[in-house]
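[1] requesting a structural model of the entry that follows:
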Amino acid sequence: MDRAFDVPHRLEADIRARAAQAPRPAPLSPERREEVIERIKRLLKERDAVLVAHYYVDEELQMLAEETGGHVADSLEMANFGSRHPATTLVVIGVRFMGETAKILNPEKRVLMPDLDASCSLDLGCPADEFTAFCDEHPDRTSVVYANTSAAVKARTDWVVTSSNGLQIVRHLKERGEKIIWAPDKHLGHYIQRETGADMLLWDGACIVHEEFRADALKKLIDENPNAEVLVHPESPEAVIELADVVGSTSRLIKAVRESDADAFIVATDFGIFHKMREAAPHKRFLVAPTGGEGGTCISCAHCPWMAMNGLENLADVLESGRNEILIDEDIRRKAYQSVKRMLDFSRDHGLVGGPAKCD
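    Below you'll find the predicted structure:
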């Protein structure tokens, strides 16, 4: 077994401890909530700033982003929106790697985040030095990393992919006869390996949200709701994926809700996505896939603890102060930009999600 497979296991206890300790913003009274929202709207205009939020953050933040001319999307489209929008400051409501991706694609803009400690188990479980050493041990392989990684890991890899385009890019590499190193999500990597037949070495990382879904409990819920379609994000374990009617990225799952004739859905991804699903199909019913059952710990309970660190008050404070700016060493940023741009160019040329980014 390759040495790097031990890395996430050594980090797992620390990652889970950090997740359990992630602070949640204090609830606000209705009066205080309205006061803070008005402050944010004023500051956005004063600071020439725009909000870009992920599907997994709390509903009120998604609504505020769109109400003020911002955008709600997956991590790559968040960064692409920043490239298209004229605002000089981007406020990324999500987790750290999303802010870094926005900065990689928008170096001339100031990128702020409500809390720089909002991290991701996949990012934390793939340290750049360990990933670099693993790649160096396998120089004959093309490295492909998921977007849920640091700028330093993106700078070391050949390709960055998302859950929207990972299948197509790996299939393309296989057709060219390339062998692959995949990091960091083992479940997504295994799904892509199974679908493409590519020769892949898989890093042993996982998302603490998606890994909590349990196939045994999901089967029971399906039996109780036989007419519900099962929607699963491919970061989930294989046994959960095998029960799915639709497997796909956040955008793909929302599209499935919009286009399906079903009136009920069991959803195996972060339940923050329910806001957009309800917008897409307001008369349909949505059930969270179970995170309990044999082996379950419910450390996340289907909602990322780091996404939950984003709140109205720390959003207002960062706009006021200008703190929590994403800064990336320029050499790392340029190297990371090349691997991201390679993905964007492929997506453009093959008509996939995501278009060309501006070059610099």
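
[2] and residue 204, how many neighbours?
    20 (other CB atoms under 10 Å). Glycine gets a C-beta too; all of them are placed from N, C-alpha and C.

[3] distance of it from residue 190?
    11 Å (CB to CB, to the nearest Å).

[4] then residue 261?
    According to CB to CB, residue 261 and residue 190 sit 31 Å apart.

[5] and what of residue 116?
    Distance from residue 116 to residue 190, by CB to CB: 32 Å.

[6] domains in the protein, as residue ranges please.
    Domain assignment for the chain by automatic domain parsing gives 14-118+307-341, 122-202, 210-288.

[7] just name the most buried of the ones you listed.
    domain 122-202 (a mean of 21; mean count of other CB atoms under 10 Å).

[8] now do that domain, average pLDDT.
    Domain 122-202 shows a mean pLDDT of 97.

[9] hey, where'd the helices end up in the stretch 51-200 of the chain?
    59-67, 75-84, 96-105, 121-124, 128-137, 151-156, 166-175, 186-196 (DSSP state H, counting those that start in this stretch).

[10] kindly report the same for the stretch 201-350 of the chain.
    215-224, 238-241, 250-259, 274-280, 312-321, 330-349.

[11] neighbouring contacts of the fifth one?
    Taking contacts as CB atoms under 8 Å, 6 or more residues apart in numbering, the residues outside helix 312-321 that touch it are 25-26, 28, 33, 36-37, 39-40, 43-44, 47, 49, 51, 60-61, 64, 91, 93, 112-115, 323-324.

[12] for the stretch 1-150 of the chain, give me the ranges with low pLDDT.
    1-7 (pLDDT under 70).

[13] that one: strands as residue ranges?
    For the stretch 1-150 of the chain, the strands defined by DSSP state E, counting those that start in this stretch occupy 49-54, 71-73, 89-93, 110-112, 142-146.

[14] packing partners of the fourth one?
    Read it as strand 110-112. strand 89-93, helix 96-105 (3 or more CB pairs under 8 Å, 6 or more residues apart in numbering; DSSP states H and E).

[15] run the last query once more with 10 Å
    Packed against strand 110-112 by the contact rule (3 or more CB pairs under 10 Å, 6 or more residues apart in numbering; DSSP states H and E) you find strand 49-54, strand 89-93, helix 96-105, helix 312-321.

[16] among these, which is nearest residue 292?
    strand 49-54 (25.2 Å; CB to CB).

[17] can I get that closest one in CSV, CA atoms only?
    Provided in CSV are the C-alpha atoms of strand 49-54 (Å, rounded to 0.1, in the frame of the first residue of the first chain):
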residue,chain,number,x,y,z
ALA,A,49,-18.4,44.6,-3.0
VAL,A,50,-20.5,41.6,-4.1
LEU,A,51,-21.5,38.4,-2.2
VAL,A,52,-20.9,35.0,-3.7
ALA,A,53,-22.3,32.1,-1.7
HIS,A,54,-22.2,28.3,-1.8
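
[18] what separates residue 100 from residue 44, distance-wise?
    Counting by CB to CB, the gap from residue 100 to residue 44 is 22 Å.

[19] same check, this time on residue 168
    36 Å.

[20] what does residue 117 give?
    23 Å.

[21] repeat for residue 54
    Taking CB to CB as the measure, residue 54 falls 18 Å from residue 44.

[22] kindly report the same for residue 264.
    38 Å.

[23] one more: residue 321?
    Counting by CB to CB - residue 321 and residue 44 are separated by 14 Å.

[24] kindly report the same for residue 127.
    35 Å.

[25] on that earlier part again, out of the helices of the stretch 51-200 of the chain, nearest to residue 21?
    Among those, if distance is taken as CB to CB, the winner is helix 121-124, at 13.0 Å.
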